[in-house]
Structures are given as C-alpha cells and as structure tokens.
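# structure, please.
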Amino acid sequence: MTEGLTIADLVRADVDDLATAFEDWPKPRSTFEKYADEAETGLRDVLVARLDGQLAGYVTVWWSPRYPLFAAHGIPEIRDFNVLHAFQRRGVGTALMDAAEERVAQRGCRVVGIGVGLYGGDGYGYGSAQRMYAKRGYVPDGAGMVIDEMRVEPGTNVYLDDSPLLMFTKELG
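This is a model prediction of the structure:
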C-alpha cells in the first residue's frame, strides 16, 4: 500500500469531509448521509481513503444490487468509486479497489460486479476506470448497455450522460 495511505470504514464524522471534498462533483451531502445510514444497517459498506490524513477518495460495496443479473446470482456490486483529482495516479484507487474486493471475498462471495460509464476523456470521464477494471480482470457480463439497472434494447436512442453503463464481473481468487 502507498505510504501514508489509510483505508477505513465510513463513520458518521466522515460525512462532513466527503460532502466538502466532493462538493464540485455531482455528489450532494445527502448522498453521503444515505451511505452512512446504509452502512449502519449493513446494506452497503463504505470505505474511505485518506492520504497523509487528507481525504482522498471512497468506494462502496452494495450487498443487494437491483441489477437483475447480479441480483439473480447474489453478486455484490462495487458502486460509486471516486478518487479526488489531486490524489489520482498515486495508488489510492488501486488500494480502494483491493480493499473492496477483499471485503467481498471475506463475505464468502466468489464474484464481484461493477458498472462503468461509457464516455472517456481526461479529468471527468470513465476512460481511466475502463482501463483499470480491464487490467484488474473485470470482463463485460455480455448484457450490453444498461440504464437504470435494465438492459437497453437495440434501436433505442440514448443520451450519453452518467446513466448508460456496461456491467462487468470478476472472479475473486
């Protein structure tokens, strides 16, 4: 792990730091309050990364995904994985993904799922995530594009924002 990097479960006190750090992203405070509630009830695990004491990013593991393929097979989903721009390319994302996958394996799950947006680009976009997931051994689930947990049928016109996803799975060691 990167020197000075810690990863810990979300505590209620982290909500203020997360809301402040991600205020320029489409991440309202209510998102982090909801995550804290879900973490307390066991619906979601939220892992928070700090580098030299500064908030660097977070990732969540959703234990009961609504995406039909994952739900039917009991596949937990890594969701909402974000590393602040100032901390990217410093091992934070890799450490968060390692911790999330380890958490899933500790629960006895052999497969984990994840969705990724379709557009790339520098800064804001999914290009880095697309490459990272492929390098980590994630493969497309074969359903094609998904919006709001449902497969998009051929011939459908789609607005390319954060909603369209490709869903991937990985078998854990």
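
# surely residue 170 is in contact with residue 110?
No: under the criterion of Cβ atoms under 8 Å, residue 170 is not in contact with residue 110, lying 9.9 Å apart. Every residue, glycine included, has its C-beta placed from N, CA and C.

# between the two, which has more neighbouring residues?
residue 170 (20 against 12; other Cβ atoms under 10 Å).

# excluding chain neighbours, what is closest to the more buried one?
Computed as Cβ to Cβ, 6 or more residues apart in numbering, the closest residue to residue 170 that is not its neighbour in sequence is residue 138, at 4.6 Å.

# so what's the one you found up against?
With contacts defined as Cβ atoms under 8 Å, 6 or more residues apart in numbering, the neighbours of residue 138 are 114, 168-170.

# poorly predicted segments of the protein, please.
Across the chain, residues meeting the criterion (pLDDT under 70) sit at 1, 122-124.

# what separates residue 15 from residue 112, distance-wise?
Separation of residue 15 from residue 112 (Cβ to Cβ, to the nearest Å): 25 Å.

# residue ranges of the helices in the chain, please?
Using DSSP state H, the helices of the chain run over 14-21, 29-41, 68-73, 92-106, 127-135.
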